[in-house]
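*Asks:* compute the structure for the input listed below.
(chains A and B)
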Amino acid sequence: MRSLSFFAGCILGLAAPLTSVAASLSVTVKGTKGEPVPDAVVSLVPLDAPPTPPFVSPPVPGEIVQEKQEFASYVTVVQAGARVVFPNRDSVQHHVYSLSKAKKFELPLYNPGQAKSIVFDVSGSVTLGCNIHDWMVAYLVVVPTPYYAKTVAGGTATVSAPAGRYRLELQHPRLTAPIVSEIALGSEDIAREFSIALKPDRRIRRGPDGKAAGYR
Amino acid sequence: MLLLVGLVAIVQIVVFALVARANQRNAVAHIEENLQTGARLFRQALKERIDYLSGSAALMSGDYAIKPLLMREPDRPTLRSILLSYTERVKAPVIGLFAADGESLALTEESLAGSQVGPFRTLIEQAAASDREQASGYAYLGESLHILVVVPLYAPFPNVVAWFGLAYPIDTAFARAIKDLTLLEVTFTSDPEEKEPRVLSTTLDPAEAAIVARHRVVTPSPSGRSRVIELAHEPYVSLFDPLPLLNGKPARIALQRSLSAELAPARELERVVLGISIAALLIASLAAGWLARGVSQPLQTLAAHTEHIATGDYTRHLHLDRRDELGQLATAFNHMTTGLAERDRVRTLLGKVVSPEIATQLLKSDLALGGEEREVTILFCDLRNFTGLSEGLSPTALLELLNRYLDRMSAIVERHGGVIDKYIGDAIMALFGAPVPSVDSASQAVATAREMARALERLNRELIAEGSPTLAFGIGINTARVVAGNMGSKSRLNYTVIGDGVNLASRLQSLTRDPSYRTPIIFSEATLRAMPHPPPTRELGTVTVKGKLNAVKIYAIAEPPSAVPL
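*Replies:* Prediction:
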C-alpha cells in the first residue's frame, strides 16, 4: 500500500505542474509611426514569492555566433545563470568584449572554429562588441525569469507562464528605459499592445570594402 | 592766360584728390574683404583642427588596449601613461579621460585636476545632449587659451562608456599658422573689459599687440565691422571678433592688415599721377606764356592802334611781321586806316567846297535831287568895281586879296549861323535858315551885314597901311519862302535855294550902287518884319520888282554907316 501511494504521489507530484493552469500573453510592439518593432524583449518576472511553481529547469543556454564579421543575432535573451557560447564561425579572428555593468568580460582574439562560453549571473543588458571590428554590436539581455520572449520581425511575441502575478518588462536596445507594468495571468490568454518611442538607430553601416571614409 | 593756368591747376588738384580718395576707399574696402575672408578661414582652420582632434580621439577610443584597461578598476597611473603616449601620436598636449558621468579618470596635466577640469565637464554635458555626441569650445587652461574638444569613447558604437577630452593651445605658432593662411596679422587677447587686457598670442610685436589688446571697440564703424587703428604710426584695418569661452569672459581675436602695405601700389600710382599733373601744369604755364606772347601782345598792339585811329590820327600804320591770321588782320587794318584817311579827306574837302553844314546835309540827303520849302533869309554881298581893281594888280596878288577878303567875310557869316551857299566871282551868297533851320534868320543876316561892314573898314585900314587899294561892297538881304535843296543833274548837283525871294535879295544888293540911298546895306520889309527886335531903321522907299505886282518897301539901318567911297 505504501508504495502505491508513494507512486501515486510521485505521479501526482509530477503531474502537478502539468495540471497547473498556464496561459499565454501575446504582445505586439509598435513604434511611434505604427511600424512593427522587432528585437523587443518581453519578460514576466513572478511577483508571488516564493515563485510557485519554482523554476524547474536550468536556464536554457544561449548562443551568439560570429560570422561574416557580424554577430549573427542582434538581440539574444537568456535567463540569469545561463551559459552563453560564443562560437567563431567566421574566417577571421574576433575579440568579443563587454564593458557593461551586468558583465564586464573579454574573450581575447580567438580563431575561427573556436568557441568560448561564459555564464551570465546578473540580470541586465550586456552590450557586446568586437575589439577589432568597430561595427560589430549585439545585445544580450539577461532576465531573472524563464518566462521571456523576443518580438519577431512582425513585432509580435508570445510568452507562456503559469497563472499568477507578474512584473511585465519590455526592453529594447534603443529604448531609453525598460517599460515596466504589472500583470496578472489567469487561465485565459491575454494580449497586450505597446507603442514605444525608440532612439534613432545609429549602427555603423558598413560600406563596401570600407569605402565609407574620404575627405569630409 | 592766368585764368587758363589756374583752371588747369584746379582741374589737376581735383583729379588728384579724387584719385587719392578713391584709392584709399578702395584699399580699405579691399582689406575689409580680406578680413572677412580671413575670419572665415580662421573659423575653417579651427574647425579642421577640431575635426582632426575628434578623428584622433576616435582612433584612440578604438585603440586595442583601451577597452581591456577600462574593464578593470581604473588604474589611474597606467591610464595616464597611456594618455601621455597618445599626446605624442595626436600632437595634442593635453588629454584627459573621463567616465561616462564626467568624473575625471586620468589627465596628462596633473595641474589641471580640480577646478580646471570644469571646461571639459561642461563640454561633456553639451556633447551628451547633442546629436553628434561631440562638443568643442575655448577655455583657459591655466593662463593660456586653449581649444577643447570632447569625443566619446564608444564600446561599441553607439554605446558611450567614457569621454576623451583634448586640448590644443592657441599659441604663437597657431597664430603664425593662421597668418600664413590668411596673410593677416592675428592677435588673441583676453577680455577687453578687463583692467589690463592681456595678449594671449600674436603675430605682431609685443608693443603693438599690447595696443591691440587695450583697444576698446566703442561704436560700430560706418563701413561694416572693421575699423582703422594705428600701430607704430601705421594704420591697420582691423576686425575684432569675440571668442566665447567655457570659463570666463569672452576673449577676442583681432585680424589686421596694414593699410600702407595695401595702399603701396596705389601710392605708386599717385606719385605717377602727381608727376604727370605737375608736368601738365608746367606745360600749361608755358603754353599760356607762349599764347601771351603770340596772341595777346599783338592784340594789345592792335587795340592801342585802334585808339589812335579813333582820335583821328590816320597816319600811323601797324607793323606786325607775321604771316598768320594776326598778320592778315594787321594788313586789313592798315587798309582800313588808309580808307578812313581817304574818306576823312574827302569829307574835309567837301566841307571846304561847300560849308560843313551843307556837306552834312548833302551826305544826309543821299544826294537825291529835290528840296523843301522853307523861310530863308538870303544875303547877297558884292564887291564894287572889282574888275577895275584887278587891273592894277597881278593875278596872283588879286587872288590873294580876294581870298583874304572872302576869308574874313565868310568867317563872319558862319559865326552868325549862316551858311555860304556859293561864291560868284567876288560876290558872296549866304543863307540863313537853310539847311539848318533857324528861328531868327533875319536878325542873324542883318547882324552879319553890320559886322561885315565893320570888318571891311578894318581891312581897308590894313590895305591903306600896305599901300593897296581899298574895297567897297553892297549887301542885299531878303527873307522869303523859297525852295531849298539839291539842284542840278544826277552827276553834278548843287545845294542852293531858288525862288523870287532870292532874286529880290540880289536886286536889293544891286540897288546899293545907288548913291541916293547912302547905304551899303539894304533889306526888305519882309526881313524887317521877321526880326523880333529890329535895330533903328530908315525907310528908303519902295521899289518895284520885275515880275512882281506890289512894290516892296526897302530899309536901311538908321545909324550912319561909315563913309562909302563912291
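*Asks:* where does the residue nearest to B:Gly62 when sequence neighbours are not counted land on pLDDT?
*Replies:* Nearest non-adjacent residue to B:Gly62, counting by C-beta to C-beta, 6 or more residues apart in numbering or on different chains: A:Asp134, 5.7 Å away. Bear in mind the C-beta positions are built from the backbone N, C-alpha and C, glycine included. We have a pLDDT of 84 for A:Asp134.
*Asks:* so A:Asp134 is in contact with A:Ile204, correct?
*Replies:* Yes. Between A:Asp134 and A:Ile204 there is a contact under C-beta atoms under 8 Å: 6.6 Å.
*Asks:* joint contacts of these two?
*Replies:* Common contacts of A:Asp134 and A:Ile204 (C-beta atoms under 8 Å, 6 or more residues apart in numbering or on different chains): B:Phe157.
*Asks:* let me see the contact set for the residue of chain B found nearest chain A.
*Replies:* Across chain B, no residue is closer to chain A than B:Pro156, which sits at 2.9 Å (C-beta to the nearest C-beta). Applying C-beta under 8 Å, 6+ apart, we find B:Pro156 in contact with A:Thr127, A:Leu128, A:Gly129, A:Cys130, A:Asp134, A:Trp135, A:Met136, A:Val137.
*Asks:* doesn't the first one lie inside a helix?
*Replies:* No. Secondary structure assignment places A:Thr127 outside any helix; it is strand (DSSP: H, G, I helix; E, B strand; the rest coil).
*Asks:* pLDDT score for it?
*Replies:* Checking the pLDDT column for A:Thr127, the value is 94.
*Asks:* returning to what we had before: with neighbour count added, can I get the contacts of B:Pro156 in CSV?
*Replies:* Conversion of these to CSV gives the following (neighbours: other C-beta atoms under 10 Å in any protein chain shown):
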residue, neighbour count
A:Thr127, 20
A:Leu128, 25
A:Gly129, 26
A:Cys130, 23
A:Asp134, 17
A:Trp135, 15
A:Met136, 22
A:Val137, 22
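*Asks:* what's the domain layout of the chain?
*Replies:* All of this refers to chain A. Per the record, chain A has its domains at A:21-55+A:146-201, A:57-144, by automatic domain parsing.
*Asks:* wrong one, chain B
*Replies:* According to automatic domain parsing, the domains of chain B span B:2-172, B:184-261, B:312-352, B:366-557.
*Asks:* got those as a markdown table, with mean pLDDT columns?
*Replies:* Listed next are these as a markdown table, based on pLDDT from 0 to 100:
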| stretch | mean pLDDT |
| --- | --- |
| domain B:2-172 | 84 |
| domain B:184-261 | 83 |
| domain B:312-352 | 80 |
| domain B:366-557 | 87 |
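*Asks:* so the residue of chain B closest to chain A: helix, strand or coil?
*Replies:* Assigned by three-state DSSP, the conformation of B:Pro156 is coil.
*Asks:* near chain B, which residues of chain A are found?
*Replies:* Residues of chain A found near chain B (C-beta under 8 Å from any C-beta of the partner chain) are A:97, A:99, A:104-106, A:127-132, A:134-137, A:202-204, A:216.
*Asks:* try it again with 10 Å
*Replies:* Within chain A, the positions near chain B by C-beta under 10 Å from any C-beta of the partner chain are A:95, A:97-100, A:104-106, A:108-109, A:127-139, A:173-174, A:199-204, A:213, A:216.
*Asks:* sec struct for A:Pro87, please.
*Replies:* strand.
*Asks:* ok, it touching A:Phe71?
*Replies:* No. Using C-beta atoms under 10 Å, A:Pro87 is not in contact with A:Phe71, being 11.3 Å away.
*Asks:* beta partners of the residue of chain A found nearest chain B?
*Replies:* Closest residue of chain A to chain B, C-beta to the nearest C-beta: A:Gly129 (2.9 Å). Per DSSP bridges, the residues bridged to A:Gly129 are A:Tyr97, A:Val137.
*Asks:* that one against B:Asn159, yeah?
*Replies:* Yes. If you go by C-beta under 10 Å, A:Gly129 and B:Asn159 touch, sitting 7.5 Å apart.
*Asks:* how about the contacts made by B:Ala27?
*Replies:* Contacts for B:Ala27 (C-beta atoms under 10 Å, 6 or more residues apart in numbering or on different chains) come out as B:Pro235, B:Val237, B:Arg257, B:Leu259, B:Ser260, B:Ala261, B:Glu262, B:Leu263, B:Ala264, B:Pro265, B:Ala266, B:Arg267.
*Asks:* just the buried ones from these?
*Replies:* Among those, those classed as buried by 16 or more other C-beta atoms under 10 Å in any protein chain shown are B:Pro235, B:Val237, B:Arg257, B:Leu259, B:Glu262, B:Leu263, B:Ala266.
*Asks:* phi, psi for the spatially most central residue of chain A please.
*Replies:* The geometric centre of chain A, computed from its C-alpha atoms, lies nearest to A:Val77 (C-alpha atoms, centre = their mean), at 1.3 Å. A:Val77 adopts backbone torsions of phi -120, psi 130, taken as degrees, to the nearest 10.
*Asks:* distance of it from A:Gly164?
*Replies:* As judged by C-beta to C-beta, to the nearest Å, A:Val77 and A:Gly164 stand 20 Å apart.
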